[in-house]
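Undergrad: coords below, sequence missing:
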């Protein structure tokens, strides 16, 4: 109730709901105050797997109700917007605002992982950062190291359920040279960049168990690119449209262990470093997406009525 009271007191021109879980409050306030509302769907939550979103059918029903009552729709990837308009029946078209982090041209060479893990300069570091979960195909990724030369090292940075972490650690003991698999607990975002900069290849694998994953458009992809990493990602539309289309890496079947190994070995020979980082920052600029947001909000404010 405190949130509703605050909104009613401020009486904003536009109320923005970030993801489906915030929209019940947004819709409630809209009925009370007749505000213009924006649905910023960072995730296609009602299309996530059932184990991630219990009662998914209920959330899906609610999503179809919400999108017909909004004034604007924002998505990070075109296919997600198409689903919400054509299948859910959104009364509004959508604008795409990609999950691009605002960054400066501050690339530099880092040896943070080499120093922390005692790795040689000639070792090739494969980095995964984020949620440690089966939905990220980490079992397949670890298994791929049975087929990779001994100078390839995998670094997993993040947190997850203890049961899965235990299972994954046990799996690492079964591969060739298990000492090549390194686990690092969650690192604050402002410190993570130094770790990312010290890797060679960034891995971004999603299991195809939902349309939320299949049309993934994560900010992690741009974090890898801006750090100058080559990216190995799932062969899904939202990832292919960046990684393969612009030759920043290789897309692969995320559930094929041998194929992952082949992709990683090929990626090791692709250009990475400062030149790659600069090219990515020139192509994917937060300022361009922010301009679309500014244009949307300006048009909504200047339109007569609410």
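TA: Nice, I can see it. These figures come from a predicted structure and were not determined experimentally.
Undergrad: Do you know the pLDDT at residue 4?
TA: Reading off the confidence values, residue 4 has pLDDT 65.
Undergrad: What is the three-state secondary structure of residue 224?
TA: helix (DSSP: H, G, I helix; E, B strand; the rest coil).
Undergrad: quick one: the residue lying closest to residue 280 once chain neighbours are set aside from residue 131, how far?
TA: Spatially, and ignoring its direct neighbours in sequence, residue 280 is nearest to residue 225 (3.8 Å; Cβ to Cβ, 6 or more residues apart in numbering). Just so you know, the C-beta spots here come from the backbone N, C-alpha and C atoms, and that holds for glycine as well. Residue 225 sits at a distance of 20 Å from residue 131 (criterion: Cβ to Cβ, to the nearest Å).
Undergrad: what does residue 249 give?
TA: Here residue 249 is placed at a distance of 20 Å from residue 131 (Cβ to Cβ).
Undergrad: Looking at those two, which is more packed in?
TA: residue 249 (28 against 15; other Cβ atoms under 10 Å).
Undergrad: what's across from the more buried one in the sheet?
TA: Beta-bridge partners recorded for residue 249 (DSSP bridges): residue 231.
Undergrad: Run through the residues that contact it.
TA: 201-202, 230-233, 243, 267, 270 (Cβ atoms under 8 Å, 6 or more residues apart in numbering).
Undergrad: repeat that with 10 Å
TA: Listed by Cβ atoms under 10 Å, 6 or more residues apart in numbering, the contact partners of residue 249 are 201-204, 221, 224-225, 229-233, 239, 242-243, 263, 266-267, 270, 272, 276.
Undergrad: picking that back up, and the residue nearest to residue 280, how many neighbours?
TA: Counted by other Cβ under 10 Å, the residues lying close to residue 225 total 26.
Undergrad: Look up the pLDDT of it for me, please.
TA: On the pLDDT scale, residue 225 gets 97.
Undergrad: Check the one 10 residues further on too.
TA: According to the prediction, residue 235 has pLDDT 98.
Undergrad: could you check the distance from the residue sitting nearest the centre point of the chain over to residue 195?
TA: Residue closest to the mean C-alpha point of the chain, counted by Cα atoms, centre = their mean, is residue 218 at 1.7 Å. Distance from residue 218 to residue 195, counting by Cβ to Cβ: 17 Å.
Undergrad: ditto for residue 156
TA: 11 Å.
Undergrad: Could you do residue 172 as well?
TA: Using Cβ to Cβ, we find residue 172 at a distance of 19 Å from residue 195.
Undergrad: One more: residue 123?
TA: Counting by Cβ to Cβ, the gap from residue 123 to residue 195 is 15 Å.
Undergrad: So which residues of the stretch 101-250 of the chain form strands?
TA: Using DSSP state E, counting those that start in this stretch, the strands found in the stretch 101-250 of the chain span residues 124-129, 152-157, 181-184, 201-204, 230-234, 249-252.
Undergrad: Just the buried positions in the third one, please.
TA: Okay, so that is strand 181-184. Within strand 181-184, the residues scored as buried using 16 or more other Cβ atoms under 10 Å are 181-182.
Undergrad: For that strand, which strands pair with it and how are they oriented?
TA: The pairing partners recorded for strand 181-184 under DSSP bridges are strand 152-157 (parallel).
Undergrad: Ok, the first one next?
TA: In its sheet, strand 124-129 lies beside strand 152-157 (parallel), strand 201-204 (parallel), with partners assigned from DSSP bridges.
Undergrad: So which of those is nearest residue 70?
TA: Nearest of the strands paired with strand 124-129 to residue 70, taken as Cβ to Cβ: strand 201-204 at 30.0 Å.
Undergrad: quick one: buried residues of the closest one?
TA: The neighbour-count check on strand 201-204 (16+ other Cβ under 10 Å) flags 201-204 as buried.
Undergrad: Quick check: neighbours shared by residue 156 and residue 195?
TA: With Cβ under 10 Å, 6+ apart, residue 156 and residue 195 have common neighbours 127, 129, 184.
Undergrad: Please identify which of these is nearest to residue 12.
TA: Looking across those and measuring by Cβ to Cβ, the closest to residue 12 is residue 129, at 35.2 Å.
Undergrad: Setting the sequence-adjacent residues aside, check what's closest to that closest one.
TA: Nearest residue to residue 129 in three dimensions, chain neighbours excluded: residue 157, at 4.3 Å (Cβ to Cβ, 6+ apart).
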